[in-house]
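Enquirer: predicted model follows, preceded by the sequence.
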Amino acid sequence: MSVRVRLAGEADLANVRTLVDELLVDVPIDHERRFLWLYREAPHGAAHTWIAFDDDTGDLIGCTSFFRRAMSYRGRQLTGALGGDGYVRPAFRRMGVGRALHAASHRDMAQLGVDVMFGTPMPANVSPLRSIGAVDVTFVSRHVRPLDLRRLGIGNSLVNHFAKRVMSPRTNARLEPAQPNDDRIDHVWERVKNELGLATARDSKFYTWRFNYAPTQKQHPYVVMRDGEPIGVCALERTNNETMRIVDLYAAPDHVAPSIFAIAEVADGCSQLELRLTVEQARARSLWKSGFLEREASKPLNIVVPKGSQNAELFLEPSHWWVTWLDTDLDVSLH
């Protein structure tokens, strides 16, 4: 079989949609709404998708996409892309289609103005990505903070009520739901963005798209307020196993602990908080001091840079990256 890959254009949207629908066939979501939201409405630009054909028959056999992300590093503006929705139809797997798709996207990066592609790839994509020069720059891990003693097998509600008070001290910080285009988010973002390192732009425009208008509405944005001032921004998701997932959190270093305590205040019925950070982030911010412990094997943060990139050293430094679930979660977590 001969594989032909090309960058999809407007006339190919129906083909792309067909493949993405097959990928998500078992995911209970409004597929049309997700496609429009993710591929066409993102504030940092429409997605780039590559489609593969069997050159002998003309059959459509696979695709992969870049989802553009405005990024910054200490005032330097960059363009990143989250890689995702990679799919090869079952009958054509293990025939080099994945590698051909990734090779084409790598070839076109510079022309599209993409400085880096990043992600936590699914297992089927690891080898094809490695074959075109992708590298694991660091690792991201799930970190857990207990809110009471249920995870230790203590189910008494009264005991756990008092345990929560001890384990999550009261704070005068409070969460308020973030509104679309909330200027309080911009206030916090402008104040802390240069401290985060290499990060996706988390301004109000991006947060509005990413959370207020997301199809599933399972992840919700908040502003952390204290004494009438915004001190942090977060997004939360309550899972089915009594866990409050911190999809994203950013604040000045001295405002992180009050923000976590404010999150704990609204985590009624949950026995733990969890968040995702890189190994370097967790160490640099002494995450253990806020009661978080690593609870899951690390996943690699995989990156690809254009050939001849002048920014390669910037992206290859592990300590530069600021990564939470926001950066690798597409509202439907496939990896």
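Expert: Structure's in. What do you need? Numbers count the residues shown, from 1 in each chain.

Enquirer: next SSE after the helix or strand of the chain with the lowest mean pLDDT?
Expert: Lowest on mean pLDDT, DSSP states H and E among the helices and strands of the chain sits helix 157-167, with a mean of 49. Toward the C-terminus, helix 157-167 is succeeded by strand 174-177 as the next helix or strand (DSSP states H and E).

Enquirer: pretty sure residue 185 contacts residue 205?
Expert: No - if you go by Cβ atoms under 8 Å, residue 185 and residue 205 don't touch, sitting 9.0 Å apart. All C-beta spots, glycine's among them, are computed from the backbone N, C-alpha and C.

Enquirer: quick one: low-confidence parts of the stretch 151-300 of the chain?
Expert: Across the stretch 151-300 of the chain, the ranges flagged by pLDDT under 70 are 151-169.

Enquirer: swap the cut-off to 80 and go again
Expert: Along the stretch 151-300 of the chain, the model assigns pLDDT under 80 to residues 151-170, 240-241, 296-297.

Enquirer: chain center to the helix ranked longest in the chain: distance?
Expert: Using DSSP state H to define each element, the chain has its longest helix at helix 97-112. Here helix 97-112 shows a centroid-to-chain-centroid distance of 21 Å under the convention Cα atoms, centre = their mean, to the nearest Å.

Enquirer: and it, C-alpha only, in PDB?
Expert: Taking Å, rounded to 0.1, in the frame of the first residue of the first chain, the C-alpha atoms of helix 97-112 are listed here in PDB:
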ATOM      1  CA  VAL A  97       0.300   5.500   8.300                       C
ATOM      2  CA  GLY A  98       0.800   7.200  11.700                       C
ATOM      3  CA  ARG A  99       4.500   7.900  10.900                       C
ATOM      4  CA  ALA A 100       3.500   9.400   7.500                       C
ATOM      5  CA  LEU A 101       1.000  11.700   9.200                       C
ATOM      6  CA  HIS A 102       3.400  12.900  11.800                       C
ATOM      7  CA  ALA A 103       6.200  13.300   9.200                       C
ATOM      8  CA  ALA A 104       3.900  15.500   7.100                       C
ATOM      9  CA  SER A 105       2.900  17.700  10.100                       C
ATOM     10  CA  HIS A 106       6.600  18.000  11.100                       C
ATOM     11  CA  ARG A 107       7.400  19.100   7.500                       C
ATOM     12  CA  ASP A 108       4.800  21.800   7.500                       C
ATOM     13  CA  MET A 109       5.300  23.300  11.000                       C
ATOM     14  CA  ALA A 110       7.600  26.100  10.000                       C
ATOM     15  CA  GLN A 111       5.300  27.100   7.100                       C
ATOM     16  CA  LEU A 112       2.300  27.200   9.400                       C
END
